[in-house]
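Enquirer: Turn this into a model:
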Amino acid sequence: MDDELKLRHQVCFALYAASRAVTARYRPILDRLGLTYPQYAALLVLWEHGDTSVKELGSALMLDSGTLSPLLKRLEAAGFVTRTRSSADERSVVVGLTDAGRGLKAQAVGVPGELAHATGLAPTDLAALRDTLAALTAALTEGKDL
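Expert: Residues are numbered from 1 along each chain as shown. The predicted structure is shown next:
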């Protein structure tokens, strides 16, 4: 029983430590683009989907509006995104890419490969890890009462 309570046996700690290590490895890569990891993640969604409501962006990133709003303000101040009220629903704010934001995509193309290389994992192992983590996230968040 005491063995179960050792830190090295905790899934939560392994995930926490891995998350910190990955984010730390991203930092110098993203510094070259002038981005933080959360800003990069927001841009990934916009590059993939185009104009997106703040609500949809928050859902995709699993961020609440209190966290997302300052992040978007900084991206807007940097000239990468715009925020405008939806003409269809004035309660909704739509985030869109500027020319500079679209141009940044070309500079970011090598980021995933650079991080993948830093892990030392084979591409198939890295993909399997990603899929396992996505399944874990889904199991812990979808339709579960906390």
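Enquirer: List of residues touching the longest helix seen in the chain?
Expert: Longest helix of the chain, by residue count under DSSP state H: helix 11-31. Residues outside helix 11-31 that contact it (Cβ atoms under 8 Å, 6 or more residues apart in numbering) are 7, 36, 37, 39, 40, 111, 114, 115, 118, 133. Where C-beta positions appear, they are placed from N, C-alpha and C, glycine not excepted.
Enquirer: change it to 10 Å
Expert: For helix 11-31, the external contacting residues (Cβ atoms under 10 Å, 6 or more residues apart in numbering) are 6-8, 10, 35-41, 108, 110-112, 114-115, 118-119, 129, 133, 136.
Enquirer: Can you tell me how far residue 140 is from residue 134?
Expert: Summarising the geometry, the distance separating residue 140 from residue 134, computed by Cβ to Cβ, to the nearest Å, is 11 Å.
Enquirer: And residue 88, by the same measure?
Expert: Here the criterion is Cβ to Cβ. By it, residue 88 lies 31 Å from residue 134.
Enquirer: Name the residue in the two with the higher neighbour count.
Expert: Shown here are residue 88 and residue 134; by other Cβ atoms under 10 Å, residue 134 has more neighbours (10 against 7).
Enquirer: looking only at pLDDT, what's the mean for the host helix or strand of the more buried one?
Expert: In this structure, residue 134 is located in helix 123-141 according to DSSP states H and E. Average pLDDT, helix 123-141: 95.
Enquirer: Need the CA coordinates for it. PDB is fine.
Expert: The C-alpha coordinates for helix 123-141 follow below in PDB (Å, rounded to 0.1, in the frame of the first residue of the first chain):
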ATOM      1  CA  PRO A 123       7.300   8.900 -35.100                       C
ATOM      2  CA  THR A 124       5.100   5.900 -34.600                       C
ATOM      3  CA  ASP A 125       5.800   5.900 -30.800                       C
ATOM      4  CA  LEU A 126       5.100   9.600 -30.600                       C
ATOM      5  CA  ALA A 127       1.800   9.200 -32.500                       C
ATOM      6  CA  ALA A 128       0.800   6.400 -30.200                       C
ATOM      7  CA  LEU A 129       1.700   8.500 -27.200                       C
ATOM      8  CA  ARG A 130      -0.400  11.400 -28.500                       C
ATOM      9  CA  ASP A 131      -3.400   9.100 -29.200                       C
ATOM     10  CA  THR A 132      -3.100   7.600 -25.700                       C
ATOM     11  CA  LEU A 133      -3.100  11.000 -24.100                       C
ATOM     12  CA  ALA A 134      -6.000  12.100 -26.200                       C
ATOM     13  CA  ALA A 135      -8.000   9.000 -25.100                       C
ATOM     14  CA  LEU A 136      -7.100   9.700 -21.500                       C
ATOM     15  CA  THR A 137      -8.200  13.300 -21.800                       C
ATOM     16  CA  ALA A 138     -11.500  12.200 -23.400                       C
ATOM     17  CA  ALA A 139     -12.100   9.600 -20.700                       C
ATOM     18  CA  LEU A 140     -11.600  12.100 -18.000                       C
ATOM     19  CA  THR A 141     -13.600  15.000 -19.500                       C
END
